[in-house]
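>>> Show me how the following folds:
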Amino acid sequence: MARVPFIGRLFWREYIALVGSLTLIFLEGLIRIITLGLPQPIIRFCYNRSKNLFNSLSSTQEKQFRSRQRSIVSSVASSSDFVDLCALFGYYAEEHVMQTGDGYLLGLHRLCWRKGEEALRVNAGEGSVKKRVVYLHHGLLMNSEVWVCMTEKERCLPFMLVEQGYDVWLGNNRGNKYSKKSTRFSPASNEFWDFSMDQFAFHDIPDSIGYVLATTSQLSLSYIGFSQGTAQAFATLSIHPTLNDKVDVFIALAPAMSPAGLRNGIVDSLMKTSPEVLFLAFGRRGILSSATMWQSILYPPIFVRIIDMSLSFLFNWSGRNISLNQKLAAYPHLYSFTSTKSVVHWFQIIRNKSFQMYDDDVQAPLGLGASDRYYKVAKFPTRNIKTPIVLIYGGSDSLVDIKVMLKELPRHTISREVPHFEHLDFLWGQEVDTLVFPHVFEALAAYAGRDHMKATELIYRPHQSRRFLDTGLSNCSEDELSSPTYDGSDINLETNSRIQGLPTRKLSANRLTPSTPRNRLHVSPSSSSTEPTSMDGTGDAKVGSRSKPYDSLLGNSTKHTRRRSNSTASAKSSDSAKRVGNVGIMIGPGRATIGVSTPAGPSLSPRTAEGSPSATT
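Just a heads-up that it's a prediction; the model follows:
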């Protein structure tokens, strides 16, 4: 279909949709202005009327069920901040404030004590308890509260990490509830809100990580991001090479890099317009600030229903994996402030199908169409990332195109699919503790506290399940795995890799190998196990010495397979031994032994598959 003459950016139907979307924005803004002028009694009247209307349409069983669950749900929903939410479950949280290089003051939260450990000094210098550090970052239009506004402690990732002995930190973007201050600008000025993902990547993330490491006296930390929190990590690790040494593993939940677009045509047409149209519609400061107004005047179940309808309208998400009680508890904490410019930046990424920096010089609609030959927006060089990457994404998430994402990421990237999960399920899903947490814990056990440039001895092995893909460490028996609390010394093959608190599972004897032409591993629950693949032979290396970078990225890197120098078995013998990275595996009659081989002799600290010591020949 031909485009409108002399305009060129949109089709004529998209212009009709654009007019409709701008009309809706105008009406919503008008209602907000009227609401701001209403006295509190009238707002309370509207709230009560919506409550009565909802109850009149509910059945007796629904009313009884809500009554039984009201206590914890109302407590979580009405909690005013992060500290109060943690206190509901008996955890003590610290609040920190750090300053970015360009003058923004960001709020950080810290959870480092199990219940009853509040008197301990953790990562506070000599004589204190040393724990590995994990940093979590939220998504778009969110803050750190989204991680802890749960109805059950077992489904709360920060709490479970604390119970496993980690020092947990949670960050916040500039402009949101905990970071709405700057030494240079007032939040009432346009200059304060003149930021996008570029500023998150150049300042917020690296400065927050630097503050956490300086406070805890640690050399590295593990990064867990959700949605835009993953995009910010992709961006900042790609433009700060030295930051890769400070992040030992990057775990991306519901990763976002180049979304295919929005499902609704009206909003999708708005996304394709010039940024000036969006700034005209939403202003140049915070976006969707009216969300707090709607929350205050609507009865919570009605507010939840509106949010669900909006998510279905925009992204085609059903929300069926999140219980109604969890929605009632979490949705009041869902929204937090961000700039219109940061949303416009995402629209540019989606429109151009490129994970790029903000385009300040957007071409005019009357352009001749060949300007891209002479002008190119800088892309985030994500293939330069050296930190191990583990992607955990939902098979029903419309914002994730895993094929496009893997194409733009380094070869050592690993992906895990949770088939029926949508975007928000990775925060609040009913089965998040069984379908997502095991992947997170095992990746942390493999990498937390390690120098990933030298840790060539790890193999990440899958365990097939009907519900989800479980994984394990092939070179560590259950008895030899240790706590995430460590003494600060170098991590070696035999110690400091324990996965605490996980259900007992039998480790598979199969090893993962690359399954794509670019040697990138993409495993889903439906995939079958594969055999080791010999890519190219290399010489032996001592434990702790540097081999090829990323030879062991959770079993997804280039595999080096060769015979051990002291093996006398023939090629057809069942007693043959294979060499994978720096790990030697001796397969003999009735047992398999695993150890670290050296150029001159037998493996060090050999172990049988059952975990008992065994001599090797």
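
>>> C-alpha from now on. contacts and neighbour counts both.
OK.

>>> send the alpha carbons of the one helix or strand residue 281 maps to over as CSV?
Per DSSP states H and E: residue 281 is located in helix 275-282. Extracted in CSV, the C-alpha atoms of helix 275-282 (Å, rounded to 0.1, in the frame of the first residue of the first chain):
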residue,chain,number,x,y,z
PRO,A,275,9.9,11.9,18.8
GLU,A,276,8.6,15.4,18.7
VAL,A,277,5.0,14.1,18.5
LEU,A,278,5.6,11.9,21.5
PHE,A,279,7.1,14.8,23.5
LEU,A,280,4.1,16.9,22.5
ALA,A,281,1.8,14.2,23.8
PHE,A,282,3.5,13.2,27.0
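
>>> Now do it, average pLDDT.
For helix 275-282, the mean pLDDT works out to 76.

>>> repeat for stretch 168-186
For stretch 168-186, mean pLDDT is 96.

>>> what sits up against it?
Here stretch 168-186 makes contact (CA atoms under 8 Å, 6 or more residues apart in numbering) with 103-112, 133-138, 141-144, 158, 161-162, 187, 191-193, 200, 204, 208, 212, 286, 336-339.

>>> 7 Å - rerun?
Outside of stretch 168-186, the residues within contact range by CA atoms under 7 Å, 6 or more residues apart in numbering are 103-112, 133-137, 143-144, 158, 162, 187, 191-192, 200, 204, 336-338.

>>> Please, a PyMOL command that selects the buried ones among those residues?
Only the buried entries of those go into this PyMOL selection, using 16 or more other CA atoms under 10 Å:
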select buried, resi 104+105+106+107+108+109+110+111+112+133+134+135+136+137+143+144+158+162+192+200+204+336+337+338
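
>>> Any stretches of the stretch 251-400 of the chain with poor pLDDT?
Counting by pLDDT under 70, the stretch 251-400 of the chain contains low-confidence residues at 261-274, 362-373.

>>> all strands for it, in order.
Ranges of strands within the stretch 251-400 of the chain are 389-394, based on DSSP state E, counting those that start in this stretch.

>>> can you give me the helices in it?
265-271, 275-282, 291-297, 300-315, 324-330, 340-352 (DSSP state H, counting those that start in this stretch).

>>> my guess is residue 75 is in a strand, correct?
No - going by DSSP: H, G, I helix; E, B strand; the rest coil, the assignment for residue 75 is helix, not a strand.

>>> Which pLDDT value does the model give it?
92.

>>> For the protein, give me the ranges with low pLDDT.
Looking at the chain by pLDDT under 70, you get 1-40, 43-44, 47-52, 54-70, 261-274, 362-373, 452-617.

>>> what sits up against stretch 148-167?
Looking at what lies outside stretch 148-167 - CA under 7 Å, 6+ apart - the contacts are 72-73, 76, 85-86, 89, 111-114, 131-134, 147, 168, 326, 329-330, 432-433, 484-485, 500-501.

>>> How far does it stretch from one end to the other?
From its first residue to its last, stretch 148-167 covers 15 Å (CA to CA, to the nearest Å).

>>> Stretch 428-443 now?
21 Å.

>>> where along the stretch 1-150 of the chain do the strands fall?
Going by DSSP E, counting those that start in this stretch, the stretch 1-150 of the chain shows strands at 94-99, 104-111, 133-137.

>>> which neighbours does the first one have in its sheet, and in what orientation?
Sheet neighbours of strand 94-99, with direction, are listed as strand 104-111 (antiparallel) (DSSP bridges).

>>> Equivalent analysis for the shortest one, please.
Each strand paired with strand 133-137, and its direction, by DSSP bridges: strand 167-170 (parallel), strand 221-226 (parallel).

>>> how about the ones you listed in JSON lines, adding distance to residue 403 and mean neighbour count?
JSON lines is the format used below for the strands paired with strand 133-137 (distance: least, CA to CA, whole Å; neighbours: other CA atoms under 10 Å):
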{"stretch": "strand 167-170", "distance to residue 403": "29", "mean neighbour count": "26"}
{"stretch": "strand 221-226", "distance to residue 403": "19", "mean neighbour count": "25"}
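
>>> Format those strands as JSON lines; extra columns: distance to residue 346.
Converted to JSON lines, those look like this (distance: least, CA to CA, whole Å):
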{"stretch": "strand 167-170", "distance to residue 346": "23"}
{"stretch": "strand 221-226", "distance to residue 346": "16"}
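
>>> Could you work out which of the ones you listed reaches nearest to residue 353?
strand 221-226 (20.5 Å; CA to CA).

>>> and after the closest one, which helix or strand comes next?
helix 228-239.

>>> got a list of contacts for that following helix?
137-140, 197, 200-202, 205, 243-244, 252, 255-257, 380-382, 384-385.

>>> so it versus strand 133-137, what angle?
120 degrees (axes from the mean of the first three to the mean of the last three CA atoms, to 10 degrees).

>>> pull the CA atoms of helix 228-239 into PDB?
Extracted as PDB, the C-alpha positions of helix 228-239 are listed here (Å, rounded to 0.1, in the frame of the first residue of the first chain):
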ATOM      1  CA  GLN A 228      15.100  -3.100  30.900                       C
ATOM      2  CA  GLY A 229      17.500  -4.000  33.700                       C
ATOM      3  CA  THR A 230      19.000  -6.500  31.300                       C
ATOM      4  CA  ALA A 231      19.200  -4.000  28.500                       C
ATOM      5  CA  GLN A 232      21.000  -1.600  30.700                       C
ATOM      6  CA  ALA A 233      23.600  -4.300  31.500                       C
ATOM      7  CA  PHE A 234      24.000  -5.300  27.800                       C
ATOM      8  CA  ALA A 235      24.600  -1.600  27.100                       C
ATOM      9  CA  THR A 236      27.000  -0.800  29.900                       C
ATOM     10  CA  LEU A 237      29.100  -4.000  29.600                       C
ATOM     11  CA  SER A 238      29.500  -3.300  25.900                       C
ATOM     12  CA  ILE A 239      30.800   0.200  26.300                       C
END
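
>>> Can you verify residue 209 is assigned to a strand?
No - counting by three-state DSSP, residue 209 is not part of a strand but helix.

>>> Next up, the contacts around it.
Counting by CA under 7 Å, 6+ apart, residue 209 has no contacts.

>>> how far away is it from residue 226?
In terms of CA to CA, residue 209 sits 16 Å off from residue 226.

>>> Thanks again, I'm all set now.
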